[in-house]
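**Q** Take this sequence and fold it.
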Amino acid sequence: MSSLRTRPCEDAIIQSTSAAVPGPASAKPWVLIATILASSIANIDESVINVALPAIETDLATSIMTIQWLVNAYTLCLSALLLVGGASADQFGRRRFFIVGVSIFAASSLWCGIAPSLTQLISARAAQGVGAALLIPCSLALIGATFDESERGKAIGTWAGSSAVATAIAPLLGGWIVDHFSWRWIFLINPLLALPTIWIAYRHLPESRDPEAKLGLDWRGAILVLLGLGGLVYGLIAAPISGWSDPIVLASLIGGSVSLVGFVCVEHWSRAPMLPLALFRSRTFSAVNLLTLLLYAALGGVLFFLPFALIQLHGYPATLAGAAFLPFTILMAGLSRWAGGLLDRFGARVPLVIGPAIAALGIGMMAVTVTNGSYWQFLVSIVILGFGMVVSVAPLTTTVINAVPAHQVGVGSGINNAVSSVANLLAVAILGGVAVASLDHALDQHLQGAALSEAAKHAIEAARGQLVIEPALANIQGADRAIAELILKGALAESVRSVLLVAALLALGAAAAGSLIPRSADIERQQ
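**A** A predicted model of the protein is given here:
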């Protein structure tokens, strides 16, 4: 959920704009309204898409490979351009880039809602990612530039609380829209919120810039990381279908790897790098970002695949599938202040080991109950996962801030924010491959000796690479239908269970990464 991934920016704004001249008093309520609306648009869209994925796959008769790109096209552009977007706003005007970002997001949302083909839908999702890469950093930057230090904490708290409410409501509202109207309407709501946001920003928001910002943008780095991540993700998604020896798959993986190596080289020699490599000399900073990568990869896998289990396996409507995530968001919103005190009481290592371990426990419980578990058992698992994330996120945020010099707090927070987005990007790609491989293996086992007609077996074979079962069952009639449904649901259950078990291992890996944080991080701040 995007509200978790943008949280590290809050402390960055407090630190990096502490000397900023506050904006006029008349603009302050308008800044809050505009930034809350803009953040809500991004949070709602990113939170609700997962609940709509089963309906989109069914409606468009597509495969899990294509569905992965509906998420990853957005995340790829957001991850690659987030740091450049923030730097551009600091140099050329935060209000200007805020309006541009909201406008791009609104136009691309409209495009998503009316897209006549899968190719256009994926392209529109990529455009949404570009818009989000501008509006997300600009929202907090505008608050930091408008409110003075004595008011800034309250303003950011109001922004964060409102964003949390929007994130909590989004899956439930989105599920209801999917059940009663169409998945297309979850995108068409965004322009309705964007229009007043743009009007307020144009009429009432003051322009601001960072006079100390380094001139020049790291476009070479942004292009290389976009090509690198894009090549890797394409290869990882295509490999389970086309095979690892496929020339296109190999070219994508090799090209992506070379581009990322080139990115590291460019960042090493750049005057104004988007990723200052010197920060990773800090053992604390490196360990916390490794923890972020693993923990948010685990979370991204759960958020992507759990709706398929709830809707396809257990037959819950999308509304209830969306409601299942409410406890998670409520815990994050309600206990974040309490979790912030854990660092002062226990230091960084203890919560950053225990929190991911608790999250792993919750994900493991989901894996155990995925076939026969009740709705309430899923809720208990989500509560445990949510509590693990609560224990982790606030200490993680503060540890990132404390691990870098004071004048690089904004850059350090931005890097951690980008790492969490990359984690989600890679998780959907890699775990999608796990899901497809597990699904195909389970289908092979279940089809052996099954008393089915050749037509029914052919229909089941056509379901390979898909996480929805209705299209296959629609072509099967009579006594074969009940057997085919058992086979398809059994294979899907094995597939989702495999993904959740891998996600639990990733969370345990995050706990191990937390143990690498040196004890000195609990008592010292690097200068």
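
**Q** which residues of the stretch 51-200 of the chain fall in helices?
**A** 64-92, 94-114, 118-146, 149-180, 185-204 (DSSP state H, counting those that start in this stretch).

**Q** and these, which one's lowest on average pLDDT?
**A** When the helices of the stretch 51-200 of the chain are compared by mean pLDDT, helix 149-180 comes last with a mean of 74.

**Q** related to what we said a few turns ago, for residue 490, which of the helices of the stretch 51-200 of the chain is the nearest?
**A** Comparison of the helices of the stretch 51-200 of the chain against residue 490 by Cβ to Cβ identifies helix 64-92 as nearest, at 17.2 Å. All C-beta spots, glycine's among them, are computed from the backbone N, C-alpha and C.

**Q** for that closest one, packing partners?
**A** Helix 64-92 sits against helix 28-59, helix 94-114, helix 118-146, helix 219-242, helix 409-447, with contacts defined as 3 or more Cβ pairs under 8 Å, 6 or more residues apart in numbering; DSSP states H and E.

**Q** Can you say which of those is nearest to residue 196?
**A** Of all the helices and strands packed on helix 64-92, helix 28-59 sits nearest to residue 196, with 6.7 Å by Cβ to Cβ.

**Q** so for the closest one, what's the average pLDDT?
**A** Mean pLDDT, computed over helix 28-59, is 82.

**Q** Same question for stretch 380-390.
**A** Averaging pLDDT along stretch 380-390 yields 91.

**Q** Show me the contact partners of it.
**A** With contact meaning Cβ atoms under 8 Å, 6 or more residues apart in numbering, stretch 380-390 is reached by 4, 295, 299, 302, 324-325, 327-332, 335-336, 338-339, 355-363, 365-366, 369, 373, 507.

**Q** Convert the C-alpha atoms of it to CSV, please.
**A** Extracted C-alpha coordinates of stretch 380-390, given in CSV (Å, rounded to 0.1, in the frame of the first residue of the first chain):
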residue,chain,number,x,y,z
VAL,A,380,-6.7,-13.2,12.1
SER,A,381,-3.7,-13.8,9.8
ILE,A,382,-4.1,-10.3,8.4
VAL,A,383,-4.2,-8.8,11.9
ILE,A,384,-0.9,-10.6,12.8
LEU,A,385,0.7,-9.4,9.5
GLY,A,386,-0.5,-5.9,10.2
PHE,A,387,0.9,-5.9,13.7
GLY,A,388,4.2,-7.1,12.4
MET,A,389,4.3,-4.3,9.9
VAL,A,390,3.3,-1.8,12.7
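
**Q** my read: residue 54 touches residue 314, true?
**A** No - between residue 54 and residue 314 there is no contact under Cβ atoms under 8 Å: 11.8 Å.

**Q** For these two, indicate the residue with more neighbours.
**A** Applying other Cβ atoms under 10 Å to residue 54 and residue 314 shows that residue 54 carries more neighbours, namely 24 against 18.

**Q** would CSV of the helices of the stretch 51-200 of the chain with mean neighbour count and distance to residue 280 be doable?
**A** Shown next, in CSV, are the helices of the stretch 51-200 of the chain (neighbours: other Cβ atoms under 10 Å; distance: least, Cβ to Cβ, whole Å):
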stretch, mean neighbour count, distance to residue 280
helix 64-92, 24, 15
helix 94-114, 22, 28
helix 118-146, 24, 21
helix 149-180, 19, 28
helix 185-204, 18, 36
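
**Q** Which one of these lies nearest to residue 255?
**A** helix 64-92 (14.7 Å).

**Q** between that closest one and helix 94-114, how big is the angle?
**A** With axes from the mean of the first three to the mean of the last three Cα atoms, to 10 degrees as the basis, helix 64-92 and helix 94-114 are set at 160 degrees to each other.

**Q** just to revisit the earlier point, could you dump the helices and strands packed on helix 64-92 to JSON lines with distance to residue 516?
**A** Output for the helices and strands packed on helix 64-92, formatted as JSON lines (distance: least, Cβ to Cβ, whole Å):
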{"stretch": "helix 28-59", "distance to residue 516": "30"}
{"stretch": "helix 94-114", "distance to residue 516": "36"}
{"stretch": "helix 118-146", "distance to residue 516": "29"}
{"stretch": "helix 219-242", "distance to residue 516": "25"}
{"stretch": "helix 409-447", "distance to residue 516": "15"}
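
**Q** And the helices in the stretch 301-450 of the chain?
**A** Ranges of helices within the stretch 301-450 of the chain are 318-323, 326-346, 349-369, 375-402, 409-447, based on DSSP H, counting those that start in this stretch.

**Q** Least reliable of these by average pLDDT, please.
**A** The stretch with the lowest mean pLDDT among these is helix 326-346, at a mean of 75.

**Q** Can you pull out the low-pLDDT segments for the stretch 201-350 of the chain?
**A** Filtered on pLDDT under 70, the stretch 201-350 of the chain yields the residue ranges 209-217, 336-337, 339-340, 343-344.

**Q** give me that answer again for 80
**A** Scanning the stretch 201-350 of the chain for pLDDT under 80 picks out the ranges 206-219, 221, 240-243, 270-276, 329, 332-348.

**Q** ok, back up a step: among the contacts of stretch 380-390, name the buried ones.
**A** In terms of neighbour count (16 or more other Cβ atoms under 10 Å), the buried residues within the contacts of stretch 380-390 are 4, 295, 299, 302, 324-325, 327-329, 331-332, 335-336, 339, 355-363, 365-366, 369, 373, 507.

**Q** Residue 248 contacts residue 241, correct?
**A** No - Residue 248 lies out of contact with residue 241 (Cβ under 8 Å); the separation is 11.0 Å.
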